[in-house]
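S.K.: need the 3D shape of this:
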Amino acid sequence: MVELLIIMYSMLMFLVFKVFNVPVNKWSSTTAVLGGVISIGFLLLMMGMYHPFTKEARIYTLTTPVLPTVTGRVIEVNVKVGDRIETDGLLFRIDPEPFQHKVDRLEADLRLAQSNLEDATTIFERGVGREKDVEFAQATADSLAAQLANARFELSETEVRAEGEGYVAQVRLRPGALAVSMPFSPLMTFVHDEDRFLLAGFQQNPLQNIKPDFDAEVIFVALPGKVFAASVVGVSDIMAQGQLLPDGKLIKFEGVTKPGRVMVEIELQDDLSGYQLPAGSKAYVAVYSETWKPVAMIRKVLLRIMSWENYLFSFLS
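M.R.: Next up is the predicted model:
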């Protein structure tokens, strides 16, 4: 940013000295240098405070680790990288045979328990049996019914399905793998389509000049030469440095603590459906406040120059 302003000012001074034939001496040179330092410093101050800019911005999306709720051998994988998946779409199947056997066994046990309950009730009503026998038969039938309901649930969980629309990133699961119901061993990572957003991290200095509905512009490293209109959705009320976890440690201020950046959510107003922008794409964001509007034009020019620079850097990297 500073380099661009220096280059533009140097070109302006070159034209001034050439067109108006200003003699080059220590007075004119000193004036040109001091004028450049003051003017560039003033522009940087005004732009930084009232039309802030950041290179710390990315497209983020929410992901869900795919975990089986039952343990078994995978017999079928129904997705591959890039497949679009609708809500309740089948991701993979675990061998249902052991779970079906358990359901069949519990159904048979429940039928026997219900028959025993009917017999105990009949004998008790005739005045021969004991009430305790009826209560025991009823408890046995209820317990088996609960076990059967859980077994049927586990059988249904052998088909692992998507909870929303999206796709699975990096499908490494293959038939024959053992799916284990452990929270730290996800088999897939599901990426949700509806949960994509652009977050920008701004310094704290211009925070009072970043408000919802302010105009913004965004450029992407992946899209050289293009500038997209946007607006500020909201400003986060907390930074990572302000988070306190419940533990036995007291707050201390020793050591060097970074000031941290304020998270600002940006909404793109232009349609990006025609571009390939995966989650994680790096972006630069400029926000324009209502103060010192003429300086905003310089910020817009510099932003467009930076966008065109992405063509050059793509060749050099």
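
S.K.: report how many residues lie close to Val79.
M.R.: 20 (other Cβ atoms under 10 Å). No exception for glycine: its C-beta is placed from N, CA and C like everyone else's.

S.K.: these two touch, right, it and Gln170?
M.R.: No. Val79 lies out of contact with Gln170 (Cβ atoms under 8 Å); the separation is 11.3 Å.

S.K.: need the residues touching each of the two.
M.R.: Among the neighbours of Val79, those also in contact with Gln170 (Cβ atoms under 8 Å, 6 or more residues apart in numbering) are Met188.

S.K.: and the contacts of the helix or strand containing Ala229?
M.R.: Using DSSP states H and E, Ala229 falls within strand 228-235. If you take Cβ under 8 Å, 6+ apart as the criterion, strand 228-235 is touched by 198, 207, 210-220, 262-270, 272, 285, 287.

S.K.: just the buried ones among those, please.
M.R.: 198, 210, 214-220, 262-264, 266, 268, 272, 285, 287 (16 or more other Cβ atoms under 10 Å).

S.K.: among those residues, which are in strands?
M.R.: 198, 215-220, 262-264, 266, 268, 285, 287 (DSSP state E).

S.K.: columns distance to Gly48 on top of these, output as CSV?
M.R.: As requested, these are exported to CSV (distance: Cβ to Cβ, whole Å):
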residue, distance to Gly48
Leu198, 21
Asp215, 17
Ala216, 15
Glu217, 16
Val218, 18
Ile219, 18
Phe220, 22
Val262, 14
Met263, 19
Val264, 15
Ile266, 18
Leu268, 24
Val285, 14
Val287, 11
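
S.K.: state the pair within the residues you listed that is farthest apart.
M.R.: Phe220 and Val262 (21.2 Å; Cβ to Cβ).

S.K.: okay, strands next: where are they in the stretch 151-300 of the chain?
M.R.: Using DSSP state E, counting those that start in this stretch, the strands found in the stretch 151-300 of the chain span residues 159-161, 166-169, 178-179, 188-202, 215-220, 228-235, 262-268, 282-288.

S.K.: so for Gly248, which of these sits nearest?
M.R.: Nearest of those (Cβ to Cβ): strand 262-268, 28.9 Å.

S.K.: which secondary structure elements does the closest one contact?
M.R.: Packing partners of strand 262-268 (3 or more Cβ pairs under 8 Å, 6 or more residues apart in numbering; DSSP states H and E): strand 188-202, strand 215-220, strand 228-235, strand 282-288.

S.K.: need these in a markdown table (columns: distance to Leu91).
M.R.: Below are these laid out as a markdown table (distance: least, Cβ to Cβ, whole Å):
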| stretch | distance to Leu91 |
| --- | --- |
| strand 188-202 | 7 |
| strand 215-220 | 31 |
| strand 228-235 | 32 |
| strand 282-288 | 30 |
